[in-house]
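Chemist: Quick one: sequence and predicted model below, then my questions.
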Amino acid sequence: MTAFAPLIDPFARPIQYLRVSVTDRCDFRCTYCMSEHMTFLPKKELLSLEELDRMCSAFIGLGVEKLRITGGEPLVRKGIMTFFEAMSRHLESGALRELTLTTNGSQLVKYSNDLASLGVKRINVSLDTLDEAKFAEITRWGRLPQVLRGIDAAKEAGLRVKINVVAIKGFNEDELFNIVDWCAREDHDLTFIEVMPMGEMGEETRLDQYWPLKDLRATLAERFTLTELSENTGGPARYVRLEETGQKIGFITPLTHNFCESCNRVRLTCTGELFMCLGQEDNADLRAPLRASESDDLLIAAIREAITHKPKGHDFDYSRQKVKGQMTRHMSHTGG
Ligand code: SAM
């Protein structure tokens, strides 16, 4: 039950999924995502934890049932458990069906028990390689053993783990079966993500790194029988089952637009900009109406107005990488 008429966009899609970036900061510097020397936003630009609570609660009041917390690295935001605690009240009331997060795993030893006790059931952990040296190379500042300990801690706390792997040609191509086998042994779900045009790298490197997921699928099919699953989460993931192991494997191809017609999601940056579509830059400032008044009336009106601009679909493609910095800005604040 929502307190207000639920959010429905101009194409009759109900908006039920909000992805929220709670910080632009990260303790890793993945080469395809950030430059090594990032300038982060001044603190006053960021929504405070209380403001994030107000913002998310407003969306939940308008029918959002699933909240995914991301960043930057969400678990490096100071006091972040206060925010999870605030959101857990919506799980208890039944207004929110799922509270989840996407993390690099570095802080999971510290936070897994708290997350589980606050009602988080599933988490996504980004992990592109199981090779220690390659992990240090791609994340620049990350260390694999710390992340693996974090994943173990998450499992012990009862969290279901999905591993997100960015498919990078010439980097983790040779680890495909290794990663699939490891996930089977550890009972983790697994999703591959097609690399997107962002981060700090030259155009040539980028095109060299592009490993289309259809090629990855074809390689998987050399060893496994793949059954297409009809499951649709409203997002860009498509799933198959590996008949030999029973594993469910996801494929996220953000560069295609075969998921737009069922898109039920919007993204909020840590500065309060609402992006209506993954592949388009159109956004609405929700921070100003939030800060303008203690009541939520202006905020709710601004959310409704923004949703009327949600586009039917996107035309995101590799030619966009020529617009230097554009996707970097969008993605690093919205959390991939
Ligand atoms: N720090 C958290 C993490 O590591 O999961 C959340 C933010 S991170 C930006 C979210 C996801 O975006 C990660 O799975 C990351 O690998 C992915 N990502 C970042 N840059 C990408 C790119 N250029 N192409 C595809 N995925 C990317």
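Modeler: Sure, I can see it.
Chemist: Excluding residues flanking it in the chain, which one is nearest the closest residue to the ligand within the stretch 151-300 of the chain?
Modeler: Relative to the ligand, the nearest point of the stretch 151-300 of the chain is M196 (3.5 Å; C-beta to the nearest ligand atom). C-beta: built from backbone N, CA, C; applies to glycine. In this structure, M196 finds its nearest non-sequential neighbour in P254, 5.5 Å apart by C-beta to C-beta, 6 or more residues apart in numbering.
Chemist: Could I get the contacting residues of the one you found?
Modeler: Contacts for P254 (C-beta atoms under 8 Å, 6 or more residues apart in numbering) come out as I193, E194, M196, P236, L278, G279, F316.
Chemist: what about it, which helix or strand?
Modeler: Per DSSP states H and E, P254 falls between elements, in no helix or strand.
Chemist: before we move on, the earlier item: so which of the contacts of P254 belong to strands?
Modeler: Judged by DSSP state E, the subset of those located in strands is I193, E194.
Chemist: Out of the contacts of P254, list just those in helices.
Modeler: When DSSP state H is applied, the contacts of P254 are split such that none fall in helices.
Chemist: pretty sure L159 is touching K121, no?
Modeler: Yes - in this structure, L159 is within contact of K121 by C-beta atoms under 8 Å, at 6.8 Å.
Chemist: Show me which of those two is the more surrounded one.
Modeler: It is L159, of L159 and K121, that has more neighbours when counted by other C-beta atoms under 10 Å, with 21 against 13.
Chemist: got the contact list for that one?
Modeler: L159 touches S112, L115, A116, V120, K121, R122, I123, counting by C-beta under 8 Å, 6+ apart.
Chemist: could you redo the last one with a cut-off of 6 Å?
Modeler: A116, I123 (C-beta atoms under 6 Å, 6 or more residues apart in numbering).
Chemist: for the one 4 residues further on, same thing?
Modeler: The neighbourhood of I163, defined by C-beta under 6 Å, 6+ apart, consists of V125, L127, C183, H188, L190.
Chemist: now swap in P74 and tell me
Modeler: Applying C-beta under 6 Å, 6+ apart, the residues near P74 are V22, L101.
Chemist: quick one: the spatially closest residue to G142 that is not a sequence neighbour from the ligand, how far?
Modeler: Spatial nearest neighbour of G142, excluding adjacent residues (C-beta to C-beta, 6+ apart): F28 at 4.3 Å. Here F28 is placed at a distance of 7 Å from the ligand (C-beta to the nearest ligand atom, to the nearest Å).
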